[in-house]
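Engineer: After the sequence you'll find the predicted model.
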Amino acid sequence: MHIPDGLLSLPVALATYAITVAVVAYSLRKLRDFPEERIPLLGLLGAGVFAAQMVNFPIVGGVSGHLLGAVLLSVLVGPYAAVVVMSAVLLVQTLLFGDGGVTAIGANILNMGILGAFLGYWVYTRLKRVNELLAIGAASWLAVVLGAALASVEIGLSHSIPFTKVLTLMVGYHALIGVGEAVITLFVVNALRAKLPEVGGVPA
């Protein structure tokens, strides 16, 4: 889902940068109320998500996926903290490891960080009343699929690849990748809560 350089038109790239900068800035402001004693936890979780994203799991036909982690973070520390941590992780991946293009950083943070953190958290809080495992799984899967769909829209608006083609491929593959995301997220959230009872989530 990491969009490389050359796929986004200048207007689309600038628009996604503007949205991302505004949301990240707002999230940083909201974190002024984040408990100081839990700030080291953000670094720990960020390092964990970064490491997890380096490990790919096979899907079909040679295609592989990896954990995104936005829903995982939003469930554990809230959506605003999740946006900030995901932004840092994706920036490091782009600038040091070449995962995604520099011109597409705004789009990649929007698709994989912001959308997953806020939409995923919203879905999680609504479905949690029914069943928490269902809520985490559904939010994780949906964040991946909708993130892929948004990336397809951005590429389609840029006219670099036909929209129908890129949407079909992206959503099709990421519907499967989302299953892996849901399973990993459920496992990690339950494991962390068992070891770190203070990890819960921050109200939006």
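Structural biologist: Now that the structure is in, tell me what you want to look at. From a predicted model like this one, the values you see are computed outputs, not experimental measurements.
Engineer: what separates residue 79 from residue 108, distance-wise?
Structural biologist: 18 Å (CB to CB, to the nearest Å). Any C-beta I mention is one placed from the backbone N, CA and C, and that applies to glycine too.
Engineer: Then residue 193?
Structural biologist: Applying CB to CB to residue 193 and residue 108 gives a distance of 29 Å.
Engineer: and those two? which has more neighbours close in?
Structural biologist: residue 108 (28 against 15; other CB atoms under 10 Å).
Engineer: And that one, how far from residue 78?
Structural biologist: 21 Å.
Engineer: again, but for residue 40
Structural biologist: With CB to CB as the criterion, residue 40 and residue 78 are 16 Å apart.
Engineer: Then residue 90?
Structural biologist: 18 Å.
Engineer: More neighbours: which of the two?
Structural biologist: Relative neighbour count places residue 90 above the other of residue 90 and residue 78, with 25 against 21, counting by other CB under 10 Å.
Engineer: Need the mean per-residue confidence for the helix or strand where the more buried one lies.
Structural biologist: Under DSSP states H and E, the secondary-structure element containing residue 90 is helix 79-97. Average pLDDT, helix 79-97: 93.
Engineer: which stretches of this structure have low pLDDT?
Structural biologist: Along the chain, segments meeting pLDDT under 70 span 55-66, 196-204.
Engineer: Could you rerun that using 80?
Structural biologist: 1, 37, 52-67, 194-204 (pLDDT under 80).
Engineer: For it, just list every one of the strands.
Structural biologist: Taking DSSP state E, the strands of the chain run over residues 57-58, 64-65.
Engineer: any idea how far the longest helix along the chain is from the chain center?
Structural biologist: The longest helix of the chain (DSSP state H) is helix 163-195. Relative to its parent chain, helix 163-195 has a centroid offset of 10 Å by CA atoms, centre = their mean, to the nearest Å.
Engineer: Does that helix pack against any helices or strands, and if so which?
Structural biologist: When contacts are defined as 3 or more CB pairs under 8 Å, 6 or more residues apart in numbering; DSSP states H and E, helix 163-195 packs onto helix 39-53, strand 64-65, helix 70-77, helix 132-157.
Engineer: That concludes my questions; thank you for your assistance.
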